[in-house]
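Enquirer: Output the structure for:
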Amino acid sequence: MYIRKTIKRVGQKAYVNHLLVESYTTPKGPRQRTIVSLGDLSPGPKEKWVRLCRRVEAALQGQMTLQGPDATVDAIVDRIRAGNARRRRAAPGCEDEEVVAVLVDEVSHDTAREAGPVHVGHQIWQRLGIGAILAEAGLSGRAQMLTEIMTLNRLITPSSEHAMPDWTRRTALADILQVDLTTLSDESLYRNLDVLHPNREGIESALAQREQTLFNLEDSYFLYDLTSTYFEGQCVGNPKGKRGYSRDHRPDCKQVVVGLVLDRDGFPKAHEVFEGNRQDRLTVDDMLDVLERRRGRRGGGTVVVDRGMAYPENLAQIKAHGHHFVVATRQSERNDWLEEFEQDEGWEEILRVPSPRNPAQNKTRVWIKRELRGEELYVLCRSEGREAKDRAIREKHEQRLLADVAKLQARVAAGRLQKPEKIYEAIGRLKERYPRVARYHHLSYDPATQRVCVQEDVARKKKAEQVDGAYLLRTDRTDMNEDEIWRLYVLLTRIEDAFRDMKSPLCERPIFHQLQRRVETHIFLCVLAYHLLVVIEKAFLDRGIHTSWHTIRETLRSHQVVSINLPTTNGRILKIRKGGTPEPEHRKIYDVLGIPREVMAPVKLWLPGADSDGKRSQVHMNKGKS
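Expert: Next comes the predicted model:
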């Protein structure tokens with residue numbers, strides 16, 4: 001339903017009237033009909049018209065509102081119902097579609113389609129106004145629809161473009177979007193990737209601004225980190241696909257490196273795709289340029305990065321863009337603070353509570369200490385949970401190193417490796433494989449005795465043991481206290497959560513595309529889907545409910561849309577297409593998200609019965625609004 005304004009002129013005077021109008025579908029196409037006249041609503045703002053329309057619509061369906069009874073709404077509903085009754089009495093020969101005699105034993109249903117997750121994804125898509133953003137970017141209506149389908153697929157049941165058309169036909173997407181998807185092909189989806197590719201930057205920028213306004217987000221803290229995503233295939237058409245350090249433990253596959261910037265609330269601000277062998281430290285300047293293009297050149301923010309991007313040139317780049325920095329220092333710099341770490345004075349104990357995204361984590365104690373040196377602030381941190389983790393990792397690497405050294409010694413002793421240059425290469429590879437522990441083990445080869453020797457550097461090993469669980473933060477934000485600096489740094493775990501979500505429920509990896517533009521657009525669609533995911537999970541966290549999109553998605557799969565076939569005593573069949581009644585767990589999810597419980601507007605269709613004389617009766621279709 002919607003409100004239409006009409007103006008009628010009689011002589012020199014204009015009379016304004018507002019009509020409540022309903023759209024419905026017929027075999028010849030969509031039509032509109034007037035439900036009731038509302039008089040002149042001009043004195044009130046247009047926002048009130050929309051709310052009035054929605055409340056009348058809900059009241060006609062028997063839905064109750066939290067605001068309680070409304071005399072204006074009740075009067076309009078009474079007039080509508082009285083008008084419907086008069087029309088039925090005026091045409092007693094016509095069939096009353098609201099009251100029919102049904103042959104109960106012949107009732108059936110068919111075409112059940114999964115609706116719950118699609119309904120949630122579509123509603124959040126509309127709430128973020130992504131359709132309007134795509135339209136402003138120049139995308140056609142069809143491209144907007146295909147982009148929504150591809151994003152919802154990534155959010156709900158990630159699959160390839162080749163498998164996506166079949167997925168759409170197993171869901172209620174066609175009912176919710178009110179489009180025919182029976183002819184959707186993978187070629188259309190592939191072409192849409194190419195349409196999206198040049199518009200990624202503008203869409204991401206507009207979406208970040210929209211979320212900032214919608215959720216009142218802070219735009220002064222930027223959390224930056226990277227991950228890698230590997231390919232299947234040779235990727236000869238993608239110059240960015242290279243072998244490098246794989247976070248997915250797939251060094252045998254080519255990959256790209258994905259950089260992601262989040263705000264402190266976990267909403268994406270920008271992302272970029274780099275070459276697969278790009279070092280973390282070499283991405284900072286480029287990523288800051290990308291961030292400026294997304295939000296404009298505005299300084300004064302604070303960039304938070306981990307130790308892989310804490311080199312002096314990185315800090316200089318951050319300052320050159322007009323931002324402050326909070327970084328975890330590299331291990332070599334941390335070792336210079338051993339004396340301060342050993343001192344017992346000046347430590348403040350704080351309790352690290354589990355992340356809202358991971359409530360099952362145990363609480364851990366952390367001790368922090370502040371040291372001001374020149375124009376920079378250093379925060380020394382010691383964590384009991386991290387101490388056990390660091391010790392376990394160090395000991396495991398040490399055991400593996402010594403085991404591989406023993407294998408090398410056996411090869412040399414058995415004469416299977418004799419050339420000194422080959423032995424030195426093998427020693428070098430071991431040092432490269434275990435850099436964490438090779439620093440305090442001296443590996444050498446004695447040509448005279450033809451033996452590989454290993455000697456432990458006790459002093460360096462003791463230093464390593466002393467800094468288990470210790471890390472050092474560095475910042476130029478001297479106006480903040482040590483507790484604020486530490487809490488800002490640990491927000492980097494939100495990027496880890498984001499990468500985990502993109503790789504697990506959103507299935508970003510592996511990538512099967514071979515062309516660079518399609519690889520980049522595939523990752524862009526994963527980021528778009530993550531925008532929807534973070535909005536959904538934020539709604540639950542704001543209510544104090546700790547859950548994940550994966551759990552929500554699986555719960556909603558049982559909410560479906562079905563077609564109900566009602567054979568009537570007049571020999572025809574009334575077919576009603578509608579969403580099932582949501583179960584209590586479905587209603588709870590919809591209420592938390594603030595979206596309608598009704599998945600779609602019911603559709604009624606009269607069909608000839610099995611005993612028809614061969615002449616098809618007139619087909620009548622009627623849509624209501626939910």
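
Enquirer: What segments of the stretch 101-250 of the chain are strands?
Expert: In the stretch 101-250 of the chain, the strands defined using DSSP state E, counting those that start in this stretch lie at 108-114, 221-230.

Enquirer: Can you find the helix or strand in the protein with the smallest mean pLDDT?
Expert: strand 621-623 (a mean of 42; mean pLDDT, DSSP states H and E).

Enquirer: circling back: can I get the strands of the stretch 101-250 of the chain in TSV including mean neighbour count?
Expert: Yep, even glycine has a C-beta here, placed from its N, CA and C like the rest. What follows is the strands of the stretch 101-250 of the chain, written out as TSV (neighbours: other Cβ atoms under 10 Å):
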stretch	mean neighbour count
strand 108-114	14
strand 221-230	23
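
Enquirer: Rebuild those strands as JSON lines, extending it with distance to residue 385 and mean pLDDT.
Expert: JSON lines is the format used below for the strands of the stretch 101-250 of the chain (distance: least, Cβ to Cβ, whole Å; pLDDT from 0 to 100):
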{"stretch": "strand 108-114", "distance to residue 385": "41", "mean pLDDT": "93"}
{"stretch": "strand 221-230", "distance to residue 385": "20", "mean pLDDT": "95"}
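
Enquirer: how about those strands in JSON lines, adding distance to residue 375?
Expert: Formatted as JSON lines, the strands of the stretch 101-250 of the chain follow (distance: least, Cβ to Cβ, whole Å):
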{"stretch": "strand 108-114", "distance to residue 375": "58"}
{"stretch": "strand 221-230", "distance to residue 375": "20"}
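
Enquirer: What's the local residue count around residue 547?
Expert: The local packing of residue 547 (other Cβ atoms under 10 Å) involves 16 other residues.

Enquirer: what's it in contact with, if anything?
Expert: 537, 540 (Cβ atoms under 8 Å, 6 or more residues apart in numbering).

Enquirer: what helix or strand is it on?
Expert: For residue 547, there is no enclosing helix or strand under DSSP states H and E.

Enquirer: swap in residue 19?
Expert: Secondary structure assigned from DSSP H and E places residue 19 in strand 13-26.

Enquirer: Could you list the low-pLDDT ranges of the stretch 301-450 of the chain?
Expert: 353-362 (pLDDT under 70).

Enquirer: would you list every one of the strands in it?
Expert: 302-305, 324-328, 348-352, 364-373, 376-383, 441-446.

Enquirer: can you redo those strands as CSV with distance to residue 264 and mean neighbour count?
Expert: Below are the strands of the stretch 301-450 of the chain laid out as CSV (distance: least, Cβ to Cβ, whole Å; neighbours: other Cβ atoms under 10 Å):
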stretch, distance to residue 264, mean neighbour count
strand 302-305, 9, 24
strand 324-328, 11, 23
strand 348-352, 17, 13
strand 364-373, 19, 15
strand 376-383, 18, 20
strand 441-446, 41, 14
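
Enquirer: how about the ones you listed in TSV, adding distance to residue 2?
Expert: Shown next, in TSV, are those (distance: least, Cβ to Cβ, whole Å):
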stretch	distance to residue 2
strand 302-305	46
strand 324-328	50
strand 348-352	52
strand 364-373	55
strand 376-383	57
strand 441-446	76
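
Enquirer: on that earlier part again, okay, buried residues for the strand holding residue 19 please.
Expert: Within strand 13-26, the residues that qualify as buried are 18-20, 22, 24, counting by 16 or more other Cβ atoms under 10 Å.

Enquirer: OK, contacts around the spatially most central residue of the chain?
Expert: Geometric centre of the chain, nearest residue: residue 530, 1.1 Å, by Cα atoms, centre = their mean. Contacts for residue 530 (Cβ under 8 Å, 6+ apart) come out as 268, 498, 501-502, 506.

Enquirer: Also residue 383?
Expert: 352, 364-367, 469-471.

Enquirer: Tell me what it is bridged to.
Expert: In this entry, residue 383 is beta-bridged to residue 366, by DSSP bridges.

Enquirer: I'd like to know how far it sits from residue 188.
Expert: Going from residue 383 to residue 188 by Cβ to Cβ, to the nearest Å gives 51 Å.

Enquirer: swap in residue 434?
Expert: Distance from residue 434 to residue 188, by Cβ to Cβ: 50 Å.

Enquirer: and residue 455, that one's in a strand?
Expert: Yes: the assignment for residue 455 is a strand, going by DSSP: H, G, I helix; E, B strand; the rest coil.

Enquirer: what's near enough to touch it?
Expert: Contacts of residue 455 by Cβ under 8 Å, 6+ apart are 441-442, 444.

Enquirer: Put together a markdown table for the residues you listed, with distance to residue 336 on each row.
Expert: Listed next are the contacts of residue 455 as a markdown table, based on distance: Cβ to Cβ, whole Å:
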| residue | distance to residue 336 |
| --- | --- |
| 441 | 22 |
| 442 | 22 |
| 444 | 28 |
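
Enquirer: What are the boundaries of the helices in the stretch 51-200 of the chain?
Expert: 71-90, 116-127, 130-136, 141-156, 164-169, 173-177, 186-196, 200-214 (DSSP state H, counting those that start in this stretch).

Enquirer: which one of those helices lies closest to residue 602?
Expert: Closest approach to residue 602 among these (Cβ to Cβ): helix 173-177, 10.2 Å.

Enquirer: that older thread, and of the contacts of residue 383, the nearest to residue 239?
Expert: The nearest one, if we look at those relative to residue 239 and count by Cβ to Cβ, is residue 471, at 36.6 Å.

Enquirer: for that closest one, helix, strand, or coil?
Expert: Counting by three-state DSSP, the backbone at residue 471 sits in strand.

Enquirer: correct me, but it touches residue 386?
Expert: Yes: taking contacts as Cβ atoms under 8 Å, residue 471 lies within contact range of residue 386: 7.3 Å.

Enquirer: neighbour count winner among these two?
Expert: Each of residue 471 and residue 386 has its neighbours counted (other Cβ under 10 Å); residue 471 has more, 21 against 17.

Enquirer: gap between the more buried one and residue 391?
Expert: Taking Cβ to Cβ, one finds residue 471 at 14 Å from residue 391.

Enquirer: With residue 477 instead?
Expert: Counting by Cβ to Cβ, the gap from residue 477 to residue 391 is 31 Å.

Enquirer: Kindly report the same for residue 272.
Expert: In terms of Cβ to Cβ, residue 272 sits 36 Å off from residue 391.

Enquirer: Specify which residue of the two has the higher count of neighbours.
Expert: residue 272 (20 against 14).

Enquirer: can you confirm residue 300 is in a helix?
Expert: No: per three-state DSSP, residue 300 lies outside any helix segment and is coil.

Enquirer: Tell me which residues touch it, please.
Expert: 220, 322-324.

Enquirer: out of these, which are buried?
Expert: 323-324.

Enquirer: Can you tell me which of the contacts of residue 300 is nearest residue 176?
Expert: Taking Cβ to Cβ as the measure, residue 220 is the one of these closest to residue 176, at 37.9 Å.

Enquirer: what's the closest non-adjacent residue to the closest one?
Expert: Nearest residue to residue 220, sequence neighbours excluded (Cβ to Cβ, 6 or more residues apart in numbering): residue 301, at 5.0 Å.

Enquirer: Okay then, goodbye and thanks.
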